[in-house]
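Asker: structure, please.
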Amino acid sequence: MDKREKLAQFGLYDPRFEHDSCGVGFVCNIKGNKSNEIIRQGLEVLGRLAHRGATGADPKTGDGAGILIQMPHEFLRTACEKVKITLPEPGNYGAGLVFLPQNTKERAFCKKTFEKIIKEEGQSVLGWRVVPVDNSDIGKTAQDTEPVIEQIFVGRNYRDTLLNSGLSSKHGIKLCVPELAFERKLYIIRKLVENEIRLSKIKQKSFFCITNLSCRTLSYKGLLMPHQVGNFFLDLKNVALKSCLCLVHSRYSTNTFPTWDLAQPFRFLAHNGEINTLRGNINWMKAREGLLKSELFGKDLKRIYPVIVSGGSDSAMLDNVFELLMLAGRSLPQAMMMLIPSAWEQNKLLDEKVAAFYKYHACFMEPWDGPAAIAFTDGTRIGAVLDRNGLRPARYIVTKKDFVVMASEVGVLDIPAQDIALSGRLEPGKIFFIDTQAGAIIQDTNIKEEMSRRRPYSDWLAKNVVELDKLEKRAAKKVPFDTFAQMQAFGYTKEDLKFLIKPMVETAQEPVGSMGNDIPHAVLSSKPQLLYAYFKQLFAQVTNPAIDPIREELVMSLETYLGPSRNIFEETPGHCHKLLARRPILSNEELETIKAIKKGGFKTKTISLLFRVSLKDVFASTLDQIC
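Answerer: Here you go, the predicted model:
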């Protein structure tokens, strides 16, 4: 059991309350030219984002920092020769940084489990390399929790990882990456190892983490301050280490215990911000696991559940879902547009086909909403996206020498003004995207035009979505209503009626009593409480400004899609067979209209929620019956 799982059992701490507000950035050579200079510049950017990270009581232990680069084949081949590991050609092996327990026996168990699963999956173990580190400059807290860090190398078996054909769009967006078959196999291996170690009896689970296992990218990260990363990992001092892109992250963890494994970047992305819809995102993803099917994964799919690993931060969980969508066949920009959609609902200037793309995907994929700036890469393409509100900063500079730097702010690199070809800020909902294979920056409009024309989304929506507002209204049954007696039955008090409901009815505004909320938690009350009273404290997170759906209607939506769920790996007309409700609260008339619906292939059934309170354990059994 790791530290976070242990702490979750005591007091009011809950690991689901972990959120990030950090520094993120990347540097890239647009033409794909690899150099050690890119890595040095990436480390410089990371160092200048140090003020966006954080430390605790130990001033030399950071919340976490790291760097993600392309697989440095030439460097690794030379380094591996020294430990008698022979690497095949690039793309024919995978590698990853692995955090292992300090305990010798438990470390041996983890490595043995890893090797066993690699062989069971038809691949070969090329060997382990101890990653050289210098921990003399890191804090005591980081040293006390420091794992043993090694790299594993996995050889590819072509019979088990047949290549997909590489297809490109007219704008140069890679739709199907040849290495994905092997990358998918490495993903399966990693998930199986993680699951088996998680269920094992070893005590030092917190010391085991596969930071990434890939044939395309390699990461170096830990419970470090930004300036410590380059000195801690001695590999980063080697001039033979080369890449054409570099993604960096400096972590500021809010309401959390910083740990080695929660340092970023993760496998595909680095994130500055918070996912405020996290609980719903997790629940929906868990609920749809039973519906997932994939020709690419086949029977392996059910073996890798859960998709979202518990105990991770909101950023880690977003990375879990993004990674699965990518490996299941979505392109990099399409997966990001599905998860972080722009504010399309009220945008009258948006291309109709682009709006149709977003509306179609809104029918079955909930947005991961909140203030966020996200940088992402698959090792060849790299980009960034901003949340629909634009509540996190992201600035970029493009030079005349085909060099790009993007970060949470300007000034992360000293670039002479005469060398700058273009500078700007990432706008809300926009994607900044570079394909080093195509050697070009792909414009946001081109990306969205390409994605929106993949399927006839407009036609599918017109034939399948039924709008509640356009249905013939049904009159609600008139029920005798003794105002206060009825309200008492449902748990309302005279205070609720006088100070909350009366002002809302009279002025059509929210009641404003005082700044803050001093009402005791419902769970501590000895009196029966309304259901929603138990959730009142979840209305906002730590670094979040208040959101108002009326005054900020341009970037907000209250629309809800009702209807059957389907496999999100597929794109069919049936995915948008939904009933669209413009508002989340239904009137009695709207409820009667839905009950009588006979349009669009929908049918309804009424389920009673009544139960006899006098019977023992009847509440739980009634819930089971409803399900």
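
Asker: strands of the stretch 151-300 of the chain, residue ranges please.
Answerer: In the stretch 151-300 of the chain, the segments counted as strands under DSSP state E, counting those that start in this stretch are 167-168, 174-176, 209-210, 217-222, 245-250, 253-254, 269-273.

Asker: could I get the average pLDDT for the second one?
Answerer: To tie it back to what came earlier, the one meant is strand 174-176. Regarding strand 174-176, the rounded mean pLDDT is 44.

Asker: for the third one, same thing?
Answerer: Averaged across strand 209-210, pLDDT comes to 95.

Asker: who's in contact with it?
Answerer: With contact meaning C-beta atoms under 8 Å, 6 or more residues apart in numbering, strand 209-210 is reached by 96-99, 147, 190, 193-194, 260-261. Where C-beta positions appear, they are placed from N, C-alpha and C, glycine not excepted.

Asker: list buried members of those residues by neighbour count.
Answerer: With burial judged by 16 or more other C-beta atoms under 10 Å, the buried subset of those is 96-99, 147, 190, 193, 260-261.

Asker: got a markdown table for these, with pLDDT and distance to Glu74 too?
Answerer: Below are those laid out as a markdown table (pLDDT from 0 to 100; distance: C-beta to C-beta, whole Å):
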| residue | pLDDT | distance to Glu74 |
| --- | --- | --- |
| Gly96 | 96 | 18 |
| Leu97 | 96 | 18 |
| Val98 | 97 | 22 |
| Phe99 | 97 | 26 |
| Pro147 | 96 | 27 |
| Arg190 | 97 | 25 |
| Val193 | 97 | 28 |
| Trp260 | 94 | 28 |
| Asp261 | 92 | 29 |
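
Asker: helices - which of those land there?
Answerer: Among these, the ones falling in helices (DSSP state H) are 190, 193.

Asker: mind putting the buried ones among the contacts of strand 209-210 in CSV, distance to Thr86 included?
Answerer: Shown next, in CSV, are the buried ones among the contacts of strand 209-210 (distance: C-beta to C-beta, whole Å):
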residue, distance to Thr86
Gly96, 18
Leu97, 20
Val98, 20
Phe99, 25
Pro147, 27
Arg190, 23
Val193, 23
Trp260, 30
Asp261, 30
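
Asker: state the distance from Gln143 to Asp137.
Answerer: As for Gln143, its distance to Asp137 is 10 Å (criterion: C-beta to C-beta, to the nearest Å).

Asker: tell me the residues that contact both of those two, please.
Answerer: Common contacts of Gln143 and Asp137, defined by C-beta under 8 Å, 6+ apart, are absent altogether.

Asker: off-centre distance for stretch 466-477?
Answerer: 37 Å (C-alpha atoms, centre = their mean, to the nearest Å).

Asker: got the buried residues for that stretch?
Answerer: For stretch 466-477, burial by neighbour count (16+ other C-beta under 10 Å) applies to 466, 468, 471, 474.

Asker: return the member of these nearest to Ala373.
Answerer: Set against Ala373, the nearest of those by C-beta to C-beta is Leu468 (35.6 Å).

Asker: so what's the closest one closest to, chain neighbours aside?
Answerer: Ala581 (4.8 Å; C-beta to C-beta, 6 or more residues apart in numbering).

Asker: bridged to that neighbour, which residues?
Answerer: Judged by DSSP bridges, the bridge partners of Ala581 are Thr560.

Asker: number of residues surrounding it?
Answerer: Residues near Ala581, counting by other C-beta atoms under 10 Å, number 18.

Asker: cool, Glu121 as well?
Answerer: 18.

Asker: how is the chain divided into domains?
Answerer: The chain breaks down by automatic domain parsing into domains covering 16-454, 467-626.

Asker: secondary structure class for Cys28?
Answerer: Following DSSP: H, G, I helix; E, B strand; the rest coil, Cys28 is assigned to strand.

Asker: and it, what's its pLDDT?
Answerer: Here the pLDDT value assigned to Cys28 is 98.

Asker: before we move on, what about Ser310?
Answerer: Ser310 is assigned a pLDDT of 86 by the prediction.

Asker: output the below-cut-off pLDDT ranges for the stretch 151-300 of the chain.
Answerer: Under the criterion pLDDT under 70, the flagged ranges of the stretch 151-300 of the chain are 159-178, 205-206, 254-256.

Asker: what are the boundaries of the helices in it?
Answerer: With DSSP state H, counting those that start in this stretch as the criterion, the stretch 151-300 of the chain has helices at 180-199, 226-232, 278-287.

Asker: take these and lay them out in CSV including distance to Leu609.
Answerer: Supplementary listing: those in CSV, determined by distance: least, C-beta to C-beta, whole Å:
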stretch, distance to Leu609
helix 180-199, 37
helix 226-232, 54
helix 278-287, 20
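
Asker: hey, which of the ones you listed is tucked in deepest?
Answerer: For those, the largest average neighbour count (mean count of other C-beta atoms under 10 Å) is found in helix 226-232, namely a mean of 23.

Asker: which neighbouring elements make contact with that helix?
Answerer: Contacts defined by 3 or more C-beta pairs under 8 Å, 6 or more residues apart in numbering; DSSP states H and E place helix 226-232 against helix 36-48, strand 65-70, strand 217-222.

Asker: and the pLDDT at Ile447?
Answerer: With respect to pLDDT, Ile447 has a value of 96.

Asker: by contact count, what packs against the helix or strand where it lies?
Answerer: Using DSSP states H and E, Ile447 sits in helix 444-452. Applying 3+ C-beta pairs under 8 Å, 6+ apart, we find helix 444-452 packed against helix 332-339, helix 352-362, strand 431-435.
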